[in-house]
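Engineer: Coordinates only, no sequence provided:
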């Protein structure tokens with residue numbers, strides 16, 4: 001028996017603060033494409049989640065930021081113990097939503113999504129989608145814009161062919177990694 005959940009108004013923002021609109025699965029083509037948190041047909045694609053049950057099903061909230069118990073023990077541990085690298089910003093995203101409202105957060109997220117879509121369209125050689133998704137979720141917007149601008153300048157200066165996605169991707173990934181390293185932001189999971 002499938003339990004139905006209400007469809008959220010803003011599925012690109014997960015209940016937990018995760019940027020679903022910046023996830024590789026959100027940009028997958030075909031039947032495995034994720035509709036975002038509690039988007040259409042979500043329950044048929046994802047296992048049950050206690051946060052969604054509490055936030056959406058029981059409380060009818062868009063995000064945990066609306067809850068008087070935020071941050072609760074279910075999400076408070078992510079920044080220290082969760083290995084899913086994109087969860088690193090979940091709590092700070094929820095803080096923004098709590099302080100400034102979901103509309104303000106969506107304005108910032110919309111810009112991040114635009115930058116990600118530009119990266120995927122102009123720089124993805126078929127192997128960099130996850131890296132670009134993580135970078136757009138974790139880096140400040142001004143660093144993302146700076147990385148793109150510097151990459152375009154470098155590509156032009158080095159006369160890299162516009163169709164050479166492999167070379168263009170490497171340039172952008174190197175520039176984003178430098179910006180991340182400068183701010184001690186880890187864009188890749190460290191293997192043990």
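Structural biologist: Received, thanks. The shown structure was predicted, so the numbers you read here are calculated from the model rather than taken from an experiment. Numbering: from 1, shown residues only.

Engineer: helix/strand/coil for the nearest residue to residue 127 once chain neighbours are set aside?
Structural biologist: Spatial nearest neighbour of residue 127, chain neighbours left out: residue 169 (7.7 Å); criterion: C-beta to C-beta, 6 or more residues apart in numbering. Quick note: C-beta positions are derived from backbone N, CA and C, even for glycine. Here residue 169 is helix, with the state taken from DSSP: H, G, I helix; E, B strand; the rest coil.

Engineer: For residue 169, give me its contacts.
Structural biologist: Residues in contact with residue 169 (C-beta atoms under 8 Å, 6 or more residues apart in numbering) are 123-125, 127-128.

Engineer: Now do the buried residues in the strand or helix carrying residue 173.
Structural biologist: If you go by DSSP states H and E, residue 173 is part of helix 165-182. For helix 165-182, the buried set under the neighbour-count rule, 16 or more other C-beta atoms under 10 Å, comprises 165, 168-173, 175-177, 179-180.

Engineer: how about those residues in TSV, adding distance to residue 155 and pLDDT?
Structural biologist: Below are these laid out as TSV (distance: C-beta to C-beta, whole Å; pLDDT from 0 to 100):
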residue	distance to residue 155	pLDDT
165	11	95
168	6	96
169	10	95
170	10	96
171	6	96
172	9	97
173	13	96
175	10	96
176	14	96
177	16	95
179	17	95
180	20	93
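
Engineer: Count the neighbours of residue 31 for me.
Structural biologist: 7 (other C-beta atoms under 10 Å).

Engineer: Okay, it and residue 9: tell me how far apart.
Structural biologist: Remark: distance between residue 31 and residue 9 (C-beta to C-beta, to the nearest Å) = 24 Å.

Engineer: my guess is residue 167 meets residue 151, correct?
Structural biologist: No - between residue 167 and residue 151 there is no contact, the gap being 10.7 Å when judged by C-beta atoms under 8 Å.
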